[in-house]
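# need coordinates for the below:
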Amino acid sequence: MQRLKRVTAADVAEAAGVSRSAVSRAFTPGAYLDADKKERVLAAAFKLGYRPNALAASLQGARTNLVGVVSGKRSNPYDGEWIVRLVAELNAADKWPIVLGGNGADTEQDVFSVLHYPLDALIVRGGSVGPAVIENCSKLNIPVILSGRVLEAPRIDCVYTGNHRGTELATDMLLKKGRRKFAFIGGPAGWNSAQERQTGVSDRLAQEGLDLLAVRNADYSFEGGADAIASILAETEIDALVCGNDAMAMGALSYLRHQTDLDVPEDVSVVGFDDIAMAAWPDFDLTTVRNPQDATVFEILRLLESRLSNPDKPGEISRLEPELVLRSTH
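I've put the predicted structure just below:
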């Protein structure tokens, strides 16, 4: 079935008895048009069901308000909460996101396809895409905003939480409680955030002459955390577990409570990272490090507006401070 023809500005111009340029001025904020003509244009547009074509407007250098968003791994609840907040705030700012999920080669190919559209910007969560995507955006003059990752490059703006500082705070708290046998469950090997959170623990332990007794890398999922703690306990005895995100911490916590005789927090302290909504549920009541979502989304919107207003300004890096949230698992 052939698609019905979209109403055009020419159709509105004919119905209102004005020129095509008059229709354009009627829908351009700040543009001058005689009040009578504008009223006729808007009435005709309403009757015909006309709306300006943002993609066509982009050919004249206008903003489209289209923003690409790469949301990261859906197995990580933090990424799911992040995308919900971000999309709501983008919509409130009259921006229209094109959302892509996941990470890896398939996601990168999807991003390359989206770059055929005239995006005002691309927002990327964590390590979801590689250098090739960033390079292509640069060639296309599409600004990039990274959330949870730092990259110093032209037209790249970044917002991140102090990963090293966050796990350092957690480790310091556990040391003061008398814990000495530490293990760490991190995200995928090679991810900057995973490495930074691990070194936050190991650096603080080194100040006390201690080492991490065990390290496992998982996939930021509940199941990954459960499998990792099972592997750790098969090899060593621990009294403190710091995890690279809340989902893995909750998986480890569930395993400790239901598959071992160890008591949390009497025998083993468990601390997560992110402070997702589920962390506060009574079944978990997880002590964690807050990775502030509201502040992160606010900074993304601020960086976006600043970049669109001044496309050639130097890249900006915004660091947010983590906060230790004490509940019942430490």
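# that's a strand at residue 83, yeah?
No - looking at residue 83 with DSSP: H, G, I helix; E, B strand; the rest coil, it is helix, so not inside a strand.
# surely it touches residue 71?
Yes - with contacts counted by Cβ atoms under 8 Å, residue 83 reaches residue 71, the gap being 4.3 Å. Glycine gets a C-beta too; all of them are placed from N, C-alpha and C.
# what about the helices in the stretch 51-200 of the chain?
Taking DSSP state H, counting those that start in this stretch to define them, one finds helices in the stretch 51-200 of the chain at 54-58, 77-92, 105-114, 131-139, 163-176, 192-206.
# quick one: closest of the ones you listed to residue 315.
Nearest of the helices of the stretch 51-200 of the chain to residue 315, taken as Cβ to Cβ: helix 131-139 at 11.2 Å.
# nearest to residue 278, of the helices of the stretch 51-200 of the chain?
Of the helices of the stretch 51-200 of the chain, nearest to residue 278 by Cβ to Cβ is helix 77-92, at 6.3 Å.
# buried sites along the closest one?
Along helix 77-92, these residues count as buried under the neighbour rule (16 or more other Cβ atoms under 10 Å): 77-83, 85-87, 89-90.
# including distance to residue 44 and pLDDT, could the residues you listed go into JSON lines?
Formatted as JSON lines, those follow (distance: Cβ to Cβ, whole Å; pLDDT from 0 to 100):
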{"residue": "77", "distance to residue 44": "49", "pLDDT": "88"}
{"residue": "78", "distance to residue 44": "48", "pLDDT": "90"}
{"residue": "79", "distance to residue 44": "45", "pLDDT": "87"}
{"residue": "80", "distance to residue 44": "44", "pLDDT": "87"}
{"residue": "81", "distance to residue 44": "44", "pLDDT": "91"}
{"residue": "82", "distance to residue 44": "43", "pLDDT": "91"}
{"residue": "83", "distance to residue 44": "39", "pLDDT": "91"}
{"residue": "85", "distance to residue 44": "39", "pLDDT": "95"}
{"residue": "86", "distance to residue 44": "37", "pLDDT": "95"}
{"residue": "87", "distance to residue 44": "33", "pLDDT": "95"}
{"residue": "89", "distance to residue 44": "34", "pLDDT": "96"}
{"residue": "90", "distance to residue 44": "31", "pLDDT": "96"}
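# check the gap between the residue positioned nearest the centre of the chain and residue 82 for me.
Nearest residue to the geometric centre of the chain (Cα atoms, centre = their mean): residue 125, 3.7 Å. Distance, residue 125 to residue 82, by Cβ to Cβ, to the nearest Å: 6 Å.
# which stretches of the stretch 51-200 of the chain have low pLDDT?
53-62, 72-75, 102-106, 128 (pLDDT under 70).
# rewinding a little: need the overlap of contacts for residue 83 and residue 71.
99, 125 (Cβ atoms under 8 Å, 6 or more residues apart in numbering).
# wait, which of the helices of the stretch 51-200 of the chain is closest to residue 298?
Closest to residue 298 of these is helix 77-92 (Cβ to Cβ; 7.7 Å).
# could you list the residues in contact with that closest one?
For helix 77-92, the surrounding residues in contact (Cβ under 8 Å, 6+ apart) are 67, 69, 71-74, 96-97, 99, 123, 125-126, 147, 245-247, 274, 276-278, 291, 293-294, 296-298, 300-301.
# span of stretch 19-35 from start to end?
Stretch 19-35 has an end-to-end distance of 15 Å (criterion: Cα to Cα, to the nearest Å).
# and that stretch, average pLDDT?
Averaging pLDDT along stretch 19-35 yields 85.
# just the buried positions in that stretch, please.
Applying 16+ other Cβ under 10 Å to stretch 19-35 flags 22-27, 33 as buried.
# also stretch 161-180?
With burial defined by 16+ other Cβ under 10 Å, the residues of stretch 161-180 counted as buried are 161-175, 179.
# what does stretch 225-235 give?
Residues 225-230, 232-233 are the ones in stretch 225-235 that count as buried (16+ other Cβ under 10 Å).
# wait, isn't residue 20 in contact with residue 13?
Yes - taking contacts as Cβ under 8 Å, residue 20 lies within contact range of residue 13: 4.8 Å.
# next, format the buried residues of helix 77-92 as JSON lines and append distance to residue 40.
JSON lines is the format used below for those (distance: Cβ to Cβ, whole Å):
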{"residue": "77", "distance to residue 40": "53"}
{"residue": "78", "distance to residue 40": "52"}
{"residue": "79", "distance to residue 40": "49"}
{"residue": "80", "distance to residue 40": "48"}
{"residue": "81", "distance to residue 40": "47"}
{"residue": "82", "distance to residue 40": "46"}
{"residue": "83", "distance to residue 40": "43"}
{"residue": "85", "distance to residue 40": "42"}
{"residue": "86", "distance to residue 40": "40"}
{"residue": "87", "distance to residue 40": "37"}
{"residue": "89", "distance to residue 40": "37"}
{"residue": "90", "distance to residue 40": "34"}
